[in-house]
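J.: mind looking at a prediction? Sequence and model below.
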Amino acid sequence: MKLDTAKVLQKRKKQILELWMKNQLVDFSLREDLMSNDELAVQSEELVNVLLQTLDNGNIEDVQSPSFEPLYEVLESISLSRAKQGYSPRETGTFVFSLKDALLTTLQLEIKNDPQQLLEESMKVSRLIDSLGIVTFETFIKGREEVILRQTDEIAEISTPVIRVWDGIVAMPIIGTLDSSRTQVVMENLLQEIVLTSSSIAILDISGVPAVDSLVAQHLIKTVSATRLMGAECIISGIRPEIAQTVVHLGIDLSGIVTKATLASALRYAFSLVQLEVRKSNVK
Amino acid sequence: MDKIPILKIGHFLMVAIQVDLYDRLALNLEADLVQAVSKTGAKGVLIDISSVSIVDSFMGRILGNIAGMSKVLDADTVIVGMQPAVAITLVELGLPLRGVQTALNVEKGMELLQKKIKIIDEEEAFDDDSTLQ
């Protein structure tokens, strides 16, 4: 007698779901802090529903079949949301693979007297779930990468503010290491702001840069050159003694750049450039 | 054929580049400008590139050339209104245009040139004084 695995599984949906939930609830990787058991049950039921709806004898052996599209979609959305919620890869993997146990146990109960057929059907189901596992992982990693990319963007955005310290003078404190991509952002923001405010002096404060090596220095020199090309003067301030030491030891030539130890002295120099004077008021 | 107009304002020459410079046009501009500097005896050249959005290494070199040639003819070159993207491109191309002065806009460029001229005038006056004594 030929047995229709898909039909059998569809008939036993309730049982599968129960088994799966039981598997998940006893597993040590259950994260009640991230998702309540009720939510987990809803999620699981949704997945089982879609799986059994899309499953038929035609496609059970072909995991690439387009009829699985809705199933993959549900799986991807679950995986993505888990990645964002902070589930570990192991926990996400266990979620899908524990379904395999439930399905296989159900099959075992159904096909009792034909070991050959049980083996064949089990292999099919196993392959299908493996493919689901792979999809889950791909999306999980994609989700994580999205999170990382968003954070990188945010950091780049928030860490490069341009401050108007005076009419015609802008300052930009740089915090964190300067790599090529950040230099690009720094340069663009600074030059954009120079144009907007038509400032003639830009102060680049590097007190927040942990270390200056030849690469970082090169980036700084590039920024200064670009500001000069725009027609503004660029001053680098906030050079700590250690940085001065490394710069000299590495033999980096900063002689073409105006450097000041503190933002205050840079500002004083900037004032002198635009012929401004700061005095104590004599009003009593 | 396209030609970029060269305007004479007082002691200066002014060029506003409003189209994207292709190589031939840039070469013509270079030749015309040097001719004009020598003919008018201008003390300064102001090049406004605020409408230029694309540069390549050739154009960077032409700008450098113009500055160098004008310098030989005793005229200072000021490039004004460079766009951020252009500045970044030139720096990335390794052409920081040394020897070329820059200003944010035409107004500031004029001021810069006028200051230069004033210094030269003062020096000449000083020279005259010293010869009188």
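T.: That came through, no problem.
J.: what is the longest helix along chain A packed up against?
T.: Counting residues, the longest helix found in chain A (DSSP state H) is helix A:115-158. Judged by 3 or more CB pairs under 8 Å, 6 or more residues apart in numbering or on different chains; DSSP states H and E, helix A:115-158 is in contact with helix A:5-11, helix A:69-85, helix A:89-110, helix A:180-197. Glycine gets a C-beta too; all of them are placed from N, C-alpha and C.
J.: following element in sequence after the last one, please.
T.: If you walk from helix A:180-197 toward the C-terminus, the next helix or strand you reach (DSSP states H and E) is strand A:201-208.
J.: the next helix or strand after that next one: how far from the chain's middle?
T.: Next along the chain after strand A:201-208, taking DSSP H and E as the criterion, comes helix A:214-230. Here helix A:214-230 is found 29 Å from its chain centre; the criterion is CA atoms, centre = their mean, to the nearest Å.
J.: now do stretch B:84-99
T.: Distance, centroid of stretch B:84-99 to centroid of chain: 16 Å (CA atoms, centre = their mean).
J.: next: stretch A:188-200.
T.: Counting by CA atoms, centre = their mean, stretch A:188-200 comes out at 30 Å from the chain centroid.
J.: does chain B sit close to it?
T.: Yes. Counting by CB under 8 Å from any CB of the partner chain, chain B is contacted by stretch A:188-200 at A:188, A:191-192, A:194-195, A:198-200.
J.: just the buried residues of these.
T.: A:188, A:191, A:194-195, A:199-200 (16 or more other CB atoms under 10 Å in any protein chain shown).
J.: from the residues you listed, pick the one nearest chain B.
T.: Lowest distance from chain B to these (CB to the nearest CB) belongs to A:L191, with 3.4 Å.
J.: and the longest helix belonging to chain B, what's buried?
T.: In chain B, taking DSSP H as the definition, the longest helix is helix B:106-132. Of the residues in helix B:106-132, B:106, B:108-110, B:112-113, B:116-117 count as buried by neighbour count, 16+ other CB under 10 Å.
J.: what's the answer for stretch A:155-162, then?
T.: A:156, A:160, A:162.
J.: tell me the phi and psi of the second one?
T.: With angles defined as degrees, to the nearest 10, A:T160 sits at phi -130, psi 70.
J.: A:Q15: neighbour count?
T.: The local packing of A:Q15 (other CB atoms under 10 Å in any protein chain shown) involves 15 other residues.
J.: nope, B:R98 is what I was after
T.: 10.
J.: then A:V42?
T.: If you count neighbours by other CB under 10 Å, A:V42 ends up with 12.
J.: contacts only, for it.
T.: Neighbour list for A:V42: empty [criterion: CB atoms under 8 Å, 6 or more residues apart in numbering or on different chains].
J.: so what pLDDT did it get?
T.: pLDDT recorded at A:V42 is 83.
J.: off-centre distance for the helix or strand hosting it?
T.: Assigned by DSSP H and E, A:V42 falls within helix A:37-54. Counting by CA atoms, centre = their mean, helix A:37-54 is centred 28 Å from the centre of its parent chain.
J.: show me which positions of it end up buried.
T.: A:40, A:43-44, A:47-48, A:50-52, A:54.
J.: next, count neighbours for residue 36.
T.: The chain I'm using is chain A. 10.
J.: could you do chain B instead?
T.: Using other CB under 10 Å, the number of residues around B:A36 comes to 18.
J.: who does the most centrally placed residue in chain B bridge with?
T.: In chain B, the centroid-proximal residue (CA atoms, centre = their mean) is B:T77; its distance is 3.0 Å. Taking DSSP bridges as the rule, B:T77 bridges to B:V45.
J.: what residues does B:L95 make contact with?
T.: B:57, B:60-61, B:64.
J.: against B:L104, how distant is it?
T.: 20 Å (CB to CB, to the nearest Å).
J.: same question for B:M14.
T.: For B:M14 relative to B:L104 (CB to CB), the value is 16 Å.
J.: picking up where we left off before, farthest pair within the buried ones among the residues of stretch A:188-200 next to chain B?
T.: The distance between the two most remote of those (CB to CB) is 19.0 Å, for A:E188 and A:S200.
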